[in-house]
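Trainee: here is my input, please return the structure:
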Amino acid sequence: MNKTELVEHIAKHADISKAAATRALDSTITAIRTTLKKGGTVSLVGFGSFAVTKRPARKGRNPRTGEEIKIKAAKVPKFRPGKALKDALN
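Mentor: Down below sits the predicted model:
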């Protein structure tokens with residue numbers, strides 16, 4: 001499912017226009033992004049939690065030349081599914 005299909009699904013099931021569904025989805029994504037950028041977490045009970053973790057700097061290899069390279073430390077988003085979501089899939 002891509003964003004267009006998700007917007008169509010939201011519009012159909014919430015009985016709203018596609019424009020309103022697009023604004024709602026964009027607003028939700030922006031709120032999650034802003035919260036994670038500030039170092040917070042977003043928990044949606046029954047669905048899951050979004051959080052930021054730190055990945056330490058490490059050494060890697062250039063696959064083409066075999067040369068050793070340094071990979072910088074980075075902050076990466078993580079998603080942990082909730083129990084209800086896990087149960088719905090099994």
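Trainee: any chance you could map the helices in the protein?
Mentor: Remark: helices of the chain, listed N- to C-terminal, are 3-14, 18-37, 83-89; assignment by DSSP state H.
Trainee: buried residues of the first one, list them for me.
Mentor: In terms of neighbour count (16 or more other Cβ atoms under 10 Å), helix 3-14 has its buried residues at 7, 10, 11. C-beta coordinates here come from the backbone N, C-alpha and C atoms, glycine included.
Trainee: try stretch 44-61
Mentor: Of the residues in stretch 44-61, 48, 50, 51 count as buried by neighbour count, 16+ other Cβ under 10 Å.
Trainee: take the residues you listed and lay them out in a markdown table including pLDDT.
Mentor: Below are the buried residues of stretch 44-61 laid out as a markdown table (pLDDT from 0 to 100):
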| residue | pLDDT |
| --- | --- |
| 48 | 96 |
| 50 | 97 |
| 51 | 97 |
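Trainee: so which of these is the closest to residue 62?
Mentor: Checking the buried residues of stretch 44-61 against residue 62 with Cβ to Cβ, the nearest one is residue 51 at 31.2 Å.
Trainee: just the pLDDT at the residue in the chain sticking out farthest from the centre, thanks.
Mentor: With distances taken as Cα atoms, centre = their mean, the residue sitting farthest from the centre of the chain turns out to be residue 65, at 33.3 Å. What the model reports as pLDDT for residue 65 is 93.
Trainee: ok, now residue 90?
Mentor: pLDDT recorded at residue 90 is 89.
Trainee: neighbours of it, how many?
Mentor: Residue 90 has 4 neighbours, counted by other Cβ atoms under 10 Å.
Trainee: separation between it and residue 40?
Mentor: Computed as Cβ to Cβ, to the nearest Å, the residue 90 to residue 40 distance reads 30 Å.
Trainee: got it, and residue 63?
Mentor: Separation of residue 63 from residue 40 (Cβ to Cβ): 36 Å.
Trainee: just want to know which of those two has more residues nearby.
Mentor: For residue 63 against residue 40, the residue with the higher neighbour count under other Cβ under 10 Å is residue 40, and the figures read 13 against 7.
Trainee: sweet, I'm off.
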